[in-house]
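Enquirer: need a 3D model of the sequence below.
(chains A and B)
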Amino acid sequence: MSVEAREKRQPWILLSPALTAITLLLFIPLLFIFVYSFWLRTATGADEIGFYLDNWREALTDAFYRDILLHTFKVAAITTVVCAMMGYPAAYFIARSKGNKPLLLLMLMLPFWISYIIRTMSWINILGVSGALNTFLLWIGVINEPIQMLYNEATVILGLVHFLLPFMVLNVFVSVDGIDETLEDAANSLGATRWQAFVQVTLPLSLPGLAAGGLLCFVLGAGTYITPLVLGGTSDAMFANLVFEAIITQLNWPLGSALSLMLLVVLGALVMIYNRYLGMAQLMKGLG
Amino acid sequence: MSSVTLKNIVKRFGSFTAVHQTDLEIPEGAFVTLLGPSGCGKTTNLRMIAGLLDPTEGEILIGGRRVNDVPIHKRNLGIVFQNYALFPHKTVAENIVFGLKYRDIPSSDIPGKMQAALDLVQLPDVGARYPKELSGGQQQRIALARAIVIEPDVLLLDEPLSALDANLREDMRVELKRIQDQIGVTTVFVTHDQSEALAMSDHIVVMSAGRIEQVGAPQEVYNNPSSEFVANFLGASNVLEAECLEAGPKGAVLLTTLFGKVHLPVEKSLRVAGAGPAKLVLRAEKLQVMKEGSAPEGMITAPATVETVDYQGQTVRYFVRVGDTQLQALNMIDDHPFAKGSAAMVAFRPRDGSALAGR
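Expert: From the prediction side, this is the model:
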């Protein structure tokens, strides 16, 4: 075999384990889900195999689903903005700190060592009726009886921020860490204050990282069902909760399949739109 | 345009002292080079002048004004960084006008100033391009244009040529000096390259281990080094132990084991005070390797054996053995060099030696 032929084959050989796994574990199940979504759940509880558009009609026309989808996007968007505002300064600090960067990054990764569900449940111990905060407020006498702080939209967002903040910080960190510090020195020497130098130089150069972090937070936030389940009230259900409900509770696989594909398509479209801008931002970075 | 003064400057990083008790006067309009090996404190001094580091002790004056507490963005300095530090997301034109936006300059004057800066660095047509699209040498010129367009009081250059390849470096050396002559700005240049320092400077400040070793014009530092360190850092020198027999207005007489008595003129013997231990500095370029018996009158000679020949075309570097000492000689040749192992002799004129105080 010639060298060129070997070089052409090599990427495929190296990619084959990953491609096999993705095909078996993602594309084929997805195909099943796609087929399922055209079946019909009958009153008897059995699935009727065929090509029915009933599930899709229901998913696409019922205002109930549309409202929950919009609510899901609103919660994910607020979460993303909060993560960006909290995560950017932290990432910038870690990237620009001297010496103990590995330790700071380790501390950032530490929450990943604990199950996401446990981390989410821990808020019940903090904010619950007999949780730490209520106990403290009762003890210092600010309140006379416990306040219900859980099970609303704010606690869902709190839980999501807790879950997603490290993703934002890591993405911004990587991009700020890659920006030459002397660029800020240069901007300062030309007359810009530290803030002006940041706004003019560091911030625009770190936008690809911020965008990547934002996209990750939004998609993960919009696709979650555990946080609203554990920390949300009855009216705080997000779209993935509907899928969970349809499949696990009602055992209505066809409807659950249609709903989950709907979420997948909408988020996928969003990623593609985002990617256009992200792609341009990367191009800008590529110039540097 | 302003003078720069360092008064009793000390810089410590924790328990490490990067700059010891330093006094330095950089006259208005001068091109002054801080020269030394890495870690000698030259960049630390530059960064303190720039305001990127605070001195631990002492005062920095720019144009007679104390600037210790003046933040960098108010010092009005032009800095060219080693890696150029051009803003990658801005075009060349945007890079150059960056500093003008923070000054009280009518916006109608900005394009003219930008173009003048581009013309000065002889790249008039690259304004619309991004830095990445320029070669290293061109980026270097744009960094210089960006630093001088703001009409700084002082221009600070931090090893600006070290990232360029050899030929380009020599071209830029000439170019940089031309631009500095043209605008006449006080310039502090940091380098570890002795030829850059010799070629460009009005004054060279030789530094070692956080201390200033010698300050002087290039010829002075080169011909009359104040220490063994300076003698060896600016080119190669042979430093021989000697005994000073007498020193005075008529020069000095040094007694060496290899060459016997050497009579140095007065300007080469200023560093020995009187009789006592001394050192004789012989530059490798001034030590001639010759055929036995061919030395002109007045030269001091000694028989030698050629041990190593490092042939470089027009020049050749010899390591020769004289007695039990190995000496280095860097000679121009127009034919074949001496063969390794051949017998020859070394010779120098007394006025090409210089004296240092011994021990």
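Enquirer: can we go C-alpha only for contacts and neighbour counts from here?
Expert: Will do.
Enquirer: can you pull the contacts of the residue positioned nearest the centre of chain A?
Expert: Central residue of chain A (Cα atoms, centre = their mean): A:L220, 2.1 Å from the mean position. A:L220 sits next to A:L164 when contact means Cα atoms under 8 Å, 6 or more residues apart in numbering or on different chains.
Enquirer: next one, pLDDT for it please.
Expert: With respect to pLDDT, A:L220 has a value of 93.
Enquirer: measure it to chain B for me?
Expert: According to Cα to the nearest Cα, to the nearest Å, A:L220 and chain B sit 30 Å apart.
Enquirer: quick one: name whatever helix or strand follows the helix or strand hosting that residue.
Expert: Per DSSP states H and E: A:L220 is located in helix A:203-222. Going down the chain from helix A:203-222, the next helix or strand is helix A:226-231, by DSSP H and E.
Enquirer: list the contacts of that following helix.
Expert: A:117, A:120-121, A:123-124, A:150-152, A:155-156, A:159-160, A:236-238, A:241.
Enquirer: run a quick neighbour tally on B:I333.
Expert: Neighbour count of B:I333, defined by other Cα atoms under 10 Å in any protein chain shown: 14.
Enquirer: so what's the backbone phi/psi at it?
Expert: For B:I333, the backbone dihedrals (degrees, to the nearest 10) come out as phi -140, psi 150.
Enquirer: all strands for chain A, in order.
Expert: Here chain A has its strands, by DSSP state E, at A:40-41, A:47-48.
Enquirer: report the longest helix in chain B, please.
Expert: helix B:166-183 (DSSP state H).
Enquirer: quick one: low-confidence ranges for the stretch 151-288 of chain A?
Expert: For the stretch 151-288 of chain A, the stretches with pLDDT under 70 are A:278-288.
Enquirer: run the last query once more with 50
Expert: Applying pLDDT under 50 to the stretch 151-288 of chain A picks out residues A:283, A:285-288.
Enquirer: count of neighbours near B:Q314?
Expert: With other Cα under 10 Å as criterion, B:Q314 counts 10.
Enquirer: what sits against it?
Expert: Residues near B:Q314 by Cα under 8 Å, 6+ apart: B:332-334.
Enquirer: which one, of the strands of chain A, ends up nearest to B:G251?
Expert: strand A:40-41 (112.9 Å; Cα to Cα).
Enquirer: which residues of the stretch 51-200 of chain A fall in helices?
Expert: Taking DSSP state H, counting those that start in this stretch as the criterion, the stretch 51-200 of chain A contains helices spanning A:54-61, A:63-96, A:101-109, A:116-127, A:132-140, A:153-177, A:182-189, A:194-197.
Enquirer: reformat the ones you listed as TSV; add distance to chain B and mean neighbour count.
Expert: Shown next, in TSV, are the helices of the stretch 51-200 of chain A (distance: least, Cα to the nearest Cα, whole Å; neighbours: other Cα atoms under 10 Å in any protein chain shown):
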stretch	distance to chain B	mean neighbour count
helix A:54-61	43	16
helix A:63-96	15	19
helix A:101-109	19	14
helix A:116-127	39	16
helix A:132-140	43	15
helix A:153-177	14	22
helix A:182-189	5	24
helix A:194-197	8	16
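Enquirer: got CSV for those helices, with distance to B:V19 too?
Expert: Formatted as CSV, the helices of the stretch 51-200 of chain A follow (distance: least, Cα to Cα, whole Å):
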stretch, distance to B:V19
helix A:54-61, 73
helix A:63-96, 25
helix A:101-109, 28
helix A:116-127, 51
helix A:132-140, 54
helix A:153-177, 29
helix A:182-189, 21
helix A:194-197, 27
